[in-house]
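A.B. asks: quick one: sequence and predicted model below, then my questions.
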Amino acid sequence: MSRHVAITTGPTQDEALQAAMTTQRIAADAGLREVIARFRAQPELEALPVTDAHGRPLGAVLERDIRRLLLNPFGHALLDNRSLYRQLDGFVSKVPVAEIDAGLARFFALISEDGGHDALILTEAGRFRGAVSGRTLLRMAADREAAVAARRARRLIRIGEASAAMRTEAALMSREIAGASDQLQDAARTMHAQAGDAGAKGLSVMAAAAQAADNVSEIATQGGQLVAELEGLGREVAQARSSTARVGALIEEGGIRARQLEQTTREIGEVVAAIDSIARRINLLALNATIEAARAGDAGRGFAIVAAEVKALAQQTRDAARKIDTRIIGVQAGVGSVAAGQAGIETAIAALDGLASTIDATVTRNRAAGERISTNVREAAGANDHIREQAGEIGATAASAAEGSQSVMGVARSLTVGADRLQRRLARFLQEIETA
């Protein structure tokens, strides 16, 4: 029975099979004479596959069997007997069958089974695809083994070269590791010294932070007092502004009264002027009456006396009007002085109000600045506390770094020992590889 195997082959194996494969075959119902004719036409043919009507392989007629028949003394007689050579029965040998994608390794195994076979039939989905002779497969196997041996030889050469290079690199690496170990030890010693110095500086920072904290506390106290004083000054300025506002209102009211008084004196002056004008006219009339009385003689003497009295009254009226006018002028001058003084007072009050506003704005700014100073001082105090804590942590870290530097020095020494051990082990490993 034929065996079928399905193993994937690579492109190179496919090309080799295509080159070595023959597609010659013969039907199962063909005659022996046709088979002999095929072998005579193709002397290099070692086996002729036999297939059924569906293209499935049944076996193969081997060249050595046909040659044995032809060399038999009775072979030609058998060939002349039509009843004997019409069918291929007895001449079809079983040969291994495999799917064409089974792979060369499987082909080699099948062709070598049971003492070896003359050919291998290749199929695709169970149908005949071609055949390869046993000698061809054995030659391909030998070529593959030779290629494998050549690859192994080249691999051994590369291993030897790589071993030599690895030995050189291992020695160089060992020296580099030793150098790195020395550098680590130097760095560890330096780190140990720097850790001690950092610890001392951390203590100094802690002392300075404590002093700064005391100073900041004093500044905070003074800043609070400054803010309180500024708030008191602001209240006093507000009271002063309120008082100046009230004084300004009174002065403004006095100014209104003074202007009213000035208007009244002006009106009185006008009345006095009118009285003086009337007195002058009366005086003139009295003078005219005196003249007319003198002309009338004794008859006008009484009229002259009355005219003289009227004239005297008119003169007295004028004198009184002049005195009133003089007094009014004095009152007007006093009212003007009062008005000028009030204007000066108003100017001074306005200046005082402006100064109070400036002082108030300054107090407000300084109070805000004082509050900011107080806030900043509190923040600075908090920062000082943080600095003091950090300084403590620096001291602890420095101590830990000093301990770590000791550990690094130990690791560096272990690294040196490990580098020497690694070099020895690598040398033994390379020696074992070269010996294997």
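C.D. replies: Now that the structure is in, tell me what you want to look at. Numbers count the residues shown, from 1 in each chain.
A.B. asks: only C-alpha atoms from now on, for both contacts and neighbour counts.
C.D. replies: Fine.
A.B. asks: enumerate the positions of the host helix or strand of Ala109 that are buried.
C.D. replies: Ala109 is part of helix 104-112 when elements are defined by DSSP states H and E. For helix 104-112, the neighbour count (16 or more other CA atoms under 10 Å) marks Leu104, Arg106, Phe107, Phe108, Leu110, Ile111, Ser112 as buried.
A.B. asks: and that helix, what does it pack onto?
C.D. replies: Counting contacts by 3 or more CA pairs under 8 Å, 6 or more residues apart in numbering; DSSP states H and E, helix 104-112 is packed against strand 119-124, helix 134-296.
A.B. asks: circling back: now render the buried residues of helix 104-112 as TSV, adding pLDDT and distance to Met173.
C.D. replies: Below are the buried residues of helix 104-112 laid out as TSV (pLDDT from 0 to 100; distance: CA to CA, whole Å):
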residue	pLDDT	distance to Met173
Leu104	81	46
Arg106	88	48
Phe107	86	50
Phe108	85	48
Leu110	89	53
Ile111	88	53
Ser112	84	52
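A.B. asks: just how off-centre is the helix or strand containing Thr358 within its chain?
C.D. replies: Using DSSP H and E, Thr358 sits in helix 301-435. Relative to the centre of its chain, helix 301-435 is centred 40 Å away, using CA atoms, centre = their mean, to the nearest Å.
A.B. asks: that one - contacts with which helices or strands?
C.D. replies: Using 3+ CA pairs under 8 Å, 6+ apart: helix 301-435 touches helix 134-296.
A.B. asks: packing partners for the helix it packs on?
C.D. replies: Helices and strands touching helix 134-296, by 3+ CA pairs under 8 Å, 6+ apart, are helix 104-112, helix 301-435.
A.B. asks: right, and these - which one's nearest Ala19?
C.D. replies: helix 104-112 (13.6 Å; CA to CA).
A.B. asks: using PDB, write down the CA coordinates of the closest one.
C.D. replies: Presented in PDB, the C-alpha positions along helix 104-112 are these (Å, rounded to 0.1, in the frame of the first residue of the first chain):
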ATOM      1  CA  LEU A 104      13.400  16.300   1.500                       C
ATOM      2  CA  ALA A 105      14.000  14.800   5.000                       C
ATOM      3  CA  ARG A 106      10.800  12.700   4.600                       C
ATOM      4  CA  PHE A 107      11.700  11.800   1.000                       C
ATOM      5  CA  PHE A 108      15.200  10.600   2.200                       C
ATOM      6  CA  ALA A 109      13.600   8.500   4.900                       C
ATOM      7  CA  LEU A 110      11.100   6.900   2.600                       C
ATOM      8  CA  ILE A 111      13.600   6.100  -0.200                       C
ATOM      9  CA  SER A 112      15.900   4.400   2.400                       C
END
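A.B. asks: for Thr317, which non-adjacent residue is spatially closest?
C.D. replies: Ala279 (6.3 Å; CA to CA, 6 or more residues apart in numbering).
A.B. asks: the one you found: neighbouring residues, count only.
C.D. replies: Ala279: 22 surrounding residues under other CA atoms under 10 Å.
A.B. asks: I'd like the distance between it and Ile329.
C.D. replies: 20 Å (CA to CA, to the nearest Å).
A.B. asks: same deal with Glu161?
C.D. replies: Glu161 is 137 Å from Ile329, by CA to CA.
A.B. asks: who has more neighbours out of those two?
C.D. replies: Higher neighbour count among Glu161 and Ile329: Ile329, with 15 against 12, using other CA under 10 Å.
A.B. asks: which intervals of the stretch 1-150 of the chain have sub-threshold pLDDT?
C.D. replies: Residues of the stretch 1-150 of the chain that meet the criterion pLDDT under 70 lie in 1-14, 16-17, 72-87.
A.B. asks: can you give me the strands for it?
C.D. replies: Along the stretch 1-150 of the chain, the segments classed as strands by DSSP state E, counting those that start in this stretch run 26-27, 47-51, 57-62, 92-93, 97-99, 119-124, 127-133.
A.B. asks: got JSON lines for these, with distance to Gln263 and mean neighbour count too?
C.D. replies: Formatted as JSON lines, the strands of the stretch 1-150 of the chain follow (distance: least, CA to CA, whole Å; neighbours: other CA atoms under 10 Å):
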{"stretch": "strand 26-27", "distance to Gln263": "157", "mean neighbour count": "18"}
{"stretch": "strand 47-51", "distance to Gln263": "154", "mean neighbour count": "25"}
{"stretch": "strand 57-62", "distance to Gln263": "152", "mean neighbour count": "24"}
{"stretch": "strand 92-93", "distance to Gln263": "161", "mean neighbour count": "17"}
{"stretch": "strand 97-99", "distance to Gln263": "142", "mean neighbour count": "24"}
{"stretch": "strand 119-124", "distance to Gln263": "141", "mean neighbour count": "24"}
{"stretch": "strand 127-133", "distance to Gln263": "145", "mean neighbour count": "22"}
